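Visitor: curious how this folds, go ahead:
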Amino acid sequence: MSLVSTPAPIAPTMRRIIERALDGERLRAGDGHALLRAQGPDLTALVAAAAELNLRARPHRRVTYSRKIFLPLTNLCRDRCGYCTFVKGPRQRGAHTMTPDEVLAVAREGARLGCKEALVSLGDHPELRHPELLATLRDFGGYRSTPEYVAAMCRLVLEETGLLPHTNCGTLSSDEFAMLAPWNASMGIMLESASPRLLEKGGPHHGSFTKAPELRIQTLENAAHAGMAMTTGILIGIGETPEERVNALLVIRDIHERCGNIQEIIIQNFRAKSDTRMKRADEPDTIDMLRTQAIARLLLGPSMNIQSPPNLNADGYQTYLMAGINDWGGISPLTKDFINPEAAWPAIAKLRAMTANAGYELRERLALYPEYVSEGRWPVSPAVRRRIDAFADDDGFVKPTLERW
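Guide: Sure thing, here's the model as predicted:
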C-alpha cells in the first residue's frame, strides 16, 4: 500500500493534489506551488507518490546511466554566469580550445574503456565575444564558426571511434542544428530557469545574453524541427523563487507537449565555486532536491525521464531514488566533470551497489534513451543509427555483453 493511502495526517489540499496526480490528471501551476509547501507527513506522501508514478512506467525497476567521456571543446564563452567556473577569458589561465588531435586521443581512450557516449560541452558562440577564436578555428581546418567546428569534431569522433556524440553548446539556430544533427545521437540545453528576473543586475544570469528564457525555448523548438531529441532541465538554488522553479518545469512540459522531443529533464543542484560571484550563496540541501524531484515527477508524469547527477551530492544521492528519478546521467571512467571539477564521479561499481541497495537495477543506456531507441520515437541519421544498432539490445539498453563496471 502506498504511503499516500495510509492514515498519516496529510493536509487535505495536499492529499487531493497527490491523488489527482496518481489518477493521471494534469496538474496546474497552482498545484505545483501548493506542493512546494510540503513538509513532514505531506512531504513523505509527496515523495511516495513520485516513486509510485515512476514505477508505473518502469515496473522493471531499472535506473539508467550513460558511460561517457567529457570533451570540453572550448571553455571560451560569450556569457558570464554568476556561478560558472568553467568559462575562461582568452588570456586567462586555463583557457583552452581542444585541437582535433586532442579530441581524437580522448575519444579513442574512452572507447577502449568501454564508453559509448561523447559529451561535447563548450561555451555559447564564444567567437561573438572573442573574435580571436576565429583565427584558431581557421588554423584547425578553415572553420568559420564554433558550431561548424563542433559538427566536424562530432563527425570525427563518431566515424573514428564509434562513440555517440551528445552536444551541449548553447543556443542554436535551425541551420546550426542542420549541421550538427547528422553526427549527434541527442543534444542538450538546460533551460535552468524561465524567470527573466535572473538576468537583472546582481542576478546569476546578468551579463549572460543567451540565458534569456525565450532564446533557450526557441533552441528546443529549433531542435524539434531538426529532428533532434533533447535533454533539458532546471538548475535549482541560483536565486529563483520556489514558484519560479515550478514555472520552469511547466514551461518544459509545454515544450514537450508541443514538440515531443524532450527525452530527459535534469533536476540539478547549484554548487558554490570559490572563484565565482556566487561563492557565498547557499546550496540546496537533500530535502530541497527530493521535494523538487518529486514535484517534477507529479507535474511531468510517469513516462518522462528525470535525472539528477550523483556527483553533486555524494553523501545523499541514494535518496533521490525515493523521489521518482530514473537516471543518474553520464558517468566517466576517464574524464572529470569539467563543469563541477570539485565533484568526482562515483565509481560505477559503487553506483551499481547503491542503486541495488535502494531496490533498483542499474542499466547502462546510450545517449539516446532506451524507449527512443527501441520504439523509434525520434529519427537519427544513418551513421548514428548504425552505431546505436551495434550497441543496443532489443529493449534499447546497452547490450549486457558490452556493459563494463
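Visitor: check which helix or strand covers the residue nearest the centre of the chain.
Guide: When C-alpha atoms, centre = their mean is applied to the chain, the residue found nearest the centroid is residue 266 (4.4 Å). Using DSSP states H and E, residue 266 sits within strand 262-269.
Visitor: mind checking what helix or strand follows that strand in sequence?
Guide: Sequence order places helix 286-300 as the next helix or strand after strand 262-269, per DSSP H and E.
Visitor: ok, and for that following helix, which residues are buried?
Guide: For helix 286-300, the buried set under the neighbour-count rule, 16 or more other C-beta atoms under 10 Å, comprises 286, 288-300. C-beta here means a position set from N, CA and C on the backbone, and glycine is covered the same way.
Visitor: what does stretch 97-106 give?
Guide: 97-98, 103-104, 106.
Visitor: how about the CA coordinates for that stretch, as CSV?
Guide: Extracted in CSV, the C-alpha atoms of stretch 97-106 (Å, rounded to 0.1, in the frame of the first residue of the first chain):
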residue,chain,number,x,y,z
THR,A,97,40.3,25.1,-27.1
MET,A,98,40.9,21.4,-27.9
THR,A,99,42.6,20.5,-31.2
PRO,A,100,41.3,17.7,-33.4
ASP,A,101,44.2,15.5,-32.3
GLU,A,102,43.3,16.1,-28.6
VAL,A,103,39.7,15.3,-29.2
LEU,A,104,40.5,12.1,-31.0
ALA,A,105,43.0,11.0,-28.4
VAL,A,106,40.5,11.3,-25.6
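Visitor: which other residues reach it?
Guide: 69, 71-76, 133, 136, 140-141, 152-153, 156-157, 160-161, 334-335 (C-beta atoms under 8 Å, 6 or more residues apart in numbering).
Visitor: got it, and stretch 22-40?
Guide: Residues outside stretch 22-40 that contact it (C-beta under 8 Å, 6+ apart) are 2, 4, 13-14, 17, 20-21, 45-46, 49, 52-53, 242-243, 245-247, 249-250, 291, 294-295, 298-299, 301.
Visitor: pLDDT of it, averaged?
Guide: Averaged across stretch 22-40, pLDDT comes to 97.
Visitor: what do you get for stretch 323-338?
Guide: Rounded mean pLDDT across stretch 323-338 is 97.
Visitor: next one: that stretch to chain centre, how far?
Guide: Here stretch 323-338 is found 9 Å from its chain centre; the criterion is C-alpha atoms, centre = their mean, to the nearest Å.
Visitor: and the strand holding residue 266, what's buried?
Guide: Residues 262-269 are the ones in strand 262-269 that count as buried (16+ other C-beta under 10 Å).
Visitor: widest-spaced pair of these?
Guide: Farthest pair in the buried residues of strand 262-269 (C-beta to C-beta) is 263 and 269. Separation: 21.3 Å.
Visitor: so the residue nearest to residue 287 when sequence neighbours are not counted, which state does it fall into?
Guide: For residue 287, ignoring the flanking residues on the chain, the nearest one in space by C-beta to C-beta, 6 or more residues apart in numbering is residue 43 at 7.5 Å. With DSSP: H, G, I helix; E, B strand; the rest coil as the basis, residue 43 sits in helix.
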